[in-house]
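Participant: Next come a sequence and a model predicted from it.
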Amino acid sequence: MSTVAAPPRPGTESDGDARHRLGEAVRRVPAAAWPLVVFAVLFLIGGIVRPNLLTLEALWSTAAFAMIVAIASSGQTLAVIQGGIDLSVPNTITLSALTFLSAVDSLGAFGAFVAAIAAGAVVGLVNGTIIAKLSLSPIVTTIAMNGFLFGVVLLTFDFSQLTDIPKFASDITSAKIGFLGTEVAAVVPVGLALLLALQALLSWTGWGRALFLVGAAPDVARLAGQPVDRIRITAYMLSGALAAFAGIVIVGFYAQTSTGMGAPYLLGSVAAVVVGGASIFGGRGSMIGTLGGALVLGQVATLVAVANLGVNIQQLIYGVIILFVVALYGRRAAA
Amino acid sequence: MSAPAIPLGARFRRSPGLVGLKREGAIAPVLAFVLFFVIYVAINPELLTRFQLQTAANLVAPLALVALAQLLIVLVGGIDISVAAVMSLTNVVFATQLESASPVVAGVLAVAVGMGCGLFNGLLSAYGRLPVIAVTLASSFIFGALATEVLDRPGGAVSEGVTLATSGELAPYVPVALVWVLVAAALLWLLLQKTSLGRHIYGAGSNAEGMRAAGLNARAAQLTAFVLAGGLVALGAILLAGSTATGDPKSGDPYLLNAIAAVALAGASFTGGKGSVVGTICAAAILGLVGNVLFFAGVDSYWQYVVGSVIIVAVVGIPVIVRRLGVRLKGASA
C-alpha cells in the first residue's frame, strides 16, 4: 500500500522477458501520474470523437473548471493524507466567499482576501483542536462545524447586499491571459502555482513528510517524537485556509453567491482526492494526483456534455470511476 | 424474603437495561433528550396537543429511520455516504409507482430497491474488501443519478390516503409516523440484542478477526447490516414522501450529514461495535426538533444549525473531557 516504487529486481537476461520488464516500468511510474495519464487518454478520445476537442482552447476550458475543483480539493487532500477528512469544506467555502465580499468595502480587496483566508484558518484551527485534543472523530467534528458555519452564514450575511464582485477576485480567476495565441482563464496558472507549491511542501519539507507518517501510523509518529497533535492541527488549519481560498476563487469565477454555493464540493472534493489515488484511510495522496483526479472528472463532464448525454450519465460515470479507482488501489489486505 | 437487601439506587444502577445503555454510550444522549424534552414542553406546552405532536413526529420520523440505518453501518465499522442518495431514489420510486400501483405494492417496491442498494454496497464492501466510505461515495453518485433518472423534478402521485397512512394519526394523540418508527426500532432492537445475527453485527464491527477465528461469518453479518439499512432508509423515504405529499429526487440530501450527526450524538463509536438504538432515536428527536424549540422561544430559526452543532460537540465531547479530568485527578492523588 505504499507509493514507494519497489526496488528493481535483479532479473537475469534469460528470465527477464519483455512482460516482466514492462511490469517493472509500469510499477516505477509514480502513483500521482496515473490520473494525468488517464486524463490524457480521455483527452485524445475526445479528439477522435470531435476533432475540435483536441485543441488548446478545449483543454483550457476543461482545465479552468477542473482547476477550481482541484483548489477546493487541495485542503481535503491534506486532511485525508493525515488520516482524517474535512466535511466542513462546503460551508467554509461559503463563509469565506461572503466574508470576502462583505469586507471589501472596509478593508480593501487585499485586506478582505486576508480576512477571508484567516476565517478559514480559524475554522480549521477549531476542527483540528477538537479532533487532536479531544479525539473526536474527524467526520463528526467537521460535520458539526459545517452545520455551525451554515448557521453563521445565514445569521451574519445579507445576500441581497452582496452582489458586487470585486475586480481583484475576477482578476485571479476568470480574467483571460494570452498563452501561445490562445486565451486561458487566470485561475489555471494561479491554481497550478498553488498546487505545485503545496506539492513541494508535502514532498520536500519535514512537516510534509511527517504528515504522511501521521496519516499512515500515528503511534509510530508519536514514538518517533513527532508532535502529532500539532501536525494534525496545522493540517486542518491549512485545509480550512485552502477551502477559504477556493471560496474566493469560486465567487470570482462564477460571480454569484448563494447559501448552497459550497454544497457541490462536499462529495466533489472527496471524489477528486480519491480518483487522484489517495488512500481514504490516510498516509497516501498527492496534490498532483488530486489535480489529475479533478482533470479526469472534468474531462468526463466535457465528453458527456459534447455527447449530449445529460448530467445523470455524468454522475453515473463519476460513480463508476470512483469504484474503479478504489478497486485498483483501495483494497484492504486479505483477511 | 431472603433476597439480599440491595439498596434501590444500586439495584437501578445495576439493572441490565441501564448497564446496556452505558456500554453502548447512550446515557448522555438519553439524558440530553430528557432535558431537551423538558425545555421544549416548558417553552411550548402546546407540543402535547394533537396537531403539534403529529407535526413533530413527522419531522423526526424520517431522520430517525435514516439514522438507524446509518447506525447499522457504523456498528459494522463503516460509514455510509450513500444514505442520502438511497433515500432520494426510494422516495421517487415510491412516489412514481403510486401513479399505477397500489400503495402497498409501491411501498414494497421502494423497500426492495432500498435493500438492493444496500446489497450493492454490502457486496462491494464485505466481499469485495473495499473501504465502505469509498464504496458508498461512489454509489451515492450512481444512486443519485438513478433517482433523477426516475423523476427529474418534484412530482409523483402521493394520494391523500397515503399521506394519512404515513403521517396522520392512528388514534387521538398517536401519530402514525411515530408508530412506524417505534415498530421499526423495536424490531431492530430485538434483532440486535436478542438474536445471534444481531450479536454478529456488533461483533463484525468490534472484532471481525476474532469472529473469523471463532468460525463465525463476519462478512455475512456485514452484508445483512447493509441490506437492512437499505430497507430502513426506504421506510424513511416513504414516510417523507407521505408527509410532504410528493416525491423529490433531492429529498434525501439534507439527511446525509444529519443522520451521521444523529449517530454521533447517540454515542456510537465510528470504529464500530458500539452504538444504541434507543440513543439514536433520542438523538434524532433532538436534532429534528431543535428548530421548533427555537421557533417557539422566539429565536431566529437560523440559530438551529449553530445550536445543533454545539449540542453534538458538547454531548460527544463533554464525556471525553470528564473522563480525562477524572484520570488526571486520580493520577494526581496517587
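Facilitator: Perfect, thanks for sending it.
Participant: and the spatially closest residue to residue A:292 that is not a sequence neighbour, how many neighbours does it have?
Facilitator: Excluding the flanking residues, the one nearest residue A:292 by Cβ to Cβ, 6 or more residues apart in numbering or on different chains is residue A:35, at 2.7 Å. Every C-beta, even on glycine, is put in place using the N, C-alpha and C of the backbone. Neighbour count of residue A:35, defined by other Cβ atoms under 10 Å in any protein chain shown: 25.
Participant: same thing with residue B:104?
Facilitator: Residue B:104 - counted by other Cβ under 10 Å - has 9 other residues nearby.
Participant: how close does it sit to residue B:183?
Facilitator: Taking Cβ to Cβ, to the nearest Å as the measure, residue B:104 falls 16 Å from residue B:183.
Participant: What residues does the stretch 51-200 of chain B have near chain A?
Facilitator: B:79, B:81, B:124, B:128-131, B:133-135, B:137-142, B:144-146, B:148-149 (Cβ under 8 Å from any Cβ of the partner chain).
Participant: go with 6 Å
Facilitator: Counting by Cβ under 6 Å from any Cβ of the partner chain, the positions of the stretch 51-200 of chain B adjacent to chain A are B:129-131, B:133-134, B:137-138, B:141-142, B:144-145, B:148-149.
Participant: From the residues you listed, list the buried ones, please.
Facilitator: Among those, those that count as buried by neighbour count (16 or more other Cβ atoms under 10 Å in any protein chain shown) are B:130, B:131, B:133, B:134, B:137, B:138, B:141, B:142, B:144, B:145, B:148, B:149.
Participant: which stretch of helix or strand covers the fourth one?
Facilitator: Spelled out, it's residue B:134. Secondary structure from DSSP states H and E places residue B:134 in helix B:132-150.
Participant: sec struct for residue A:279, please.
Facilitator: coil (DSSP: H, G, I helix; E, B strand; the rest coil).
Participant: Tell me which residues touch residue A:326, please.
Facilitator: B:130, B:134 (Cβ atoms under 6 Å, 6 or more residues apart in numbering or on different chains).
Participant: Pass me the low-pLDDT residue ranges in the stretch 51-200 of chain B, would you?
Facilitator: Counting by pLDDT under 70, the stretch 51-200 of chain B contains no low-confidence range.
Participant: The helix or strand harbouring residue A:197 packs against which elements?
Facilitator: For residue A:197, the host element (DSSP H and E) is helix A:187-204. Counting contacts by 3 or more Cβ pairs under 6 Å, 6 or more residues apart in numbering or on different chains; DSSP states H and E, helix A:187-204 packs against helix A:56-81, helix A:287-306.
Participant: what angle separates it from helix A:287-306?
Facilitator: Using axes from the mean of the first three to the mean of the last three Cα atoms, to 10 degrees, the inter-axis angle of helix A:187-204 relative to helix A:287-306 is 150 degrees.
Participant: can you give me the angle helix A:187-204 makes with helix A:56-81?
Facilitator: Using the same axes, to 10 degrees: helix A:187-204 against helix A:56-81 is 40 degrees.
Participant: ok, and what's touching helix A:187-204?
Facilitator: Contact partners of helix A:187-204, identified using Cβ under 6 Å, 6+ apart, comprise A:63, A:64, A:67, A:71, A:74, A:172, A:173, A:208, A:253, A:287, A:288, A:291.
Participant: tell me which residues of it are tucked away?
Facilitator: Under 16+ other Cβ under 10 Å, the buried positions of helix A:187-204 are A:187, A:188, A:190, A:191, A:194, A:195, A:198, A:199, A:202.
Participant: Make JSON lines out of those residues and add pLDDT.
Facilitator: Formatted as JSON lines, the buried residues of helix A:187-204 follow (pLDDT from 0 to 100):
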{"residue": "A:187", "pLDDT": "91"}
{"residue": "A:188", "pLDDT": "91"}
{"residue": "A:190", "pLDDT": "93"}
{"residue": "A:191", "pLDDT": "93"}
{"residue": "A:194", "pLDDT": "96"}
{"residue": "A:195", "pLDDT": "95"}
{"residue": "A:198", "pLDDT": "95"}
{"residue": "A:199", "pLDDT": "94"}
{"residue": "A:202", "pLDDT": "92"}
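Participant: mind listing the strands for the chain?
Facilitator: Since you didn't name a chain, this refers to chain A. A:176-179, A:182-185 (DSSP state E).
Participant: right idea, wrong chain: chain B
Facilitator: Using DSSP E, strands in chain B cover B:169-171, B:174-175.
Participant: Would you map the helices across chain A?
Facilitator: A:18-28, A:33-49, A:56-81, A:89-134, A:138-156, A:167-171, A:187-204, A:206-216, A:218-223, A:228-254, A:265-275, A:287-306, A:311-329 (DSSP state H).
Participant: in the first one, what counts as buried?
Facilitator: Of the residues in helix A:18-28, none is buried under the neighbour-count criterion (16+ other Cβ under 10 Å).
Participant: how big is the angle separating that helix from helix A:33-49?
Facilitator: 110 degrees.
Participant: what mean pLDDT does helix A:18-28 have?
Facilitator: Across helix A:18-28, the average pLDDT comes to 73.
Participant: related to what we said a few turns ago, quick check, nearest of the contacts of helix A:187-204 to residue B:190?
Facilitator: Checking these against residue B:190 with Cβ to Cβ, the nearest one is residue A:74 at 47.7 Å.
Participant: pretty sure that closest one is touching residue A:242, no?
Facilitator: Yes - applying Cβ atoms under 6 Å, one finds residue A:74 in contact with residue A:242, separated by 4.8 Å.
Participant: which ones are touching the residue in the stretch 51-200 of chain A that chain B sits nearest to?
Facilitator: Of all residues in the stretch 51-200 of chain A, residue A:151 sits closest to chain B, at 3.2 Å by Cβ to the nearest Cβ. Contacts of residue A:151 were listed using Cβ under 6 Å, 6+ apart, and they are B:302, B:305, B:306.
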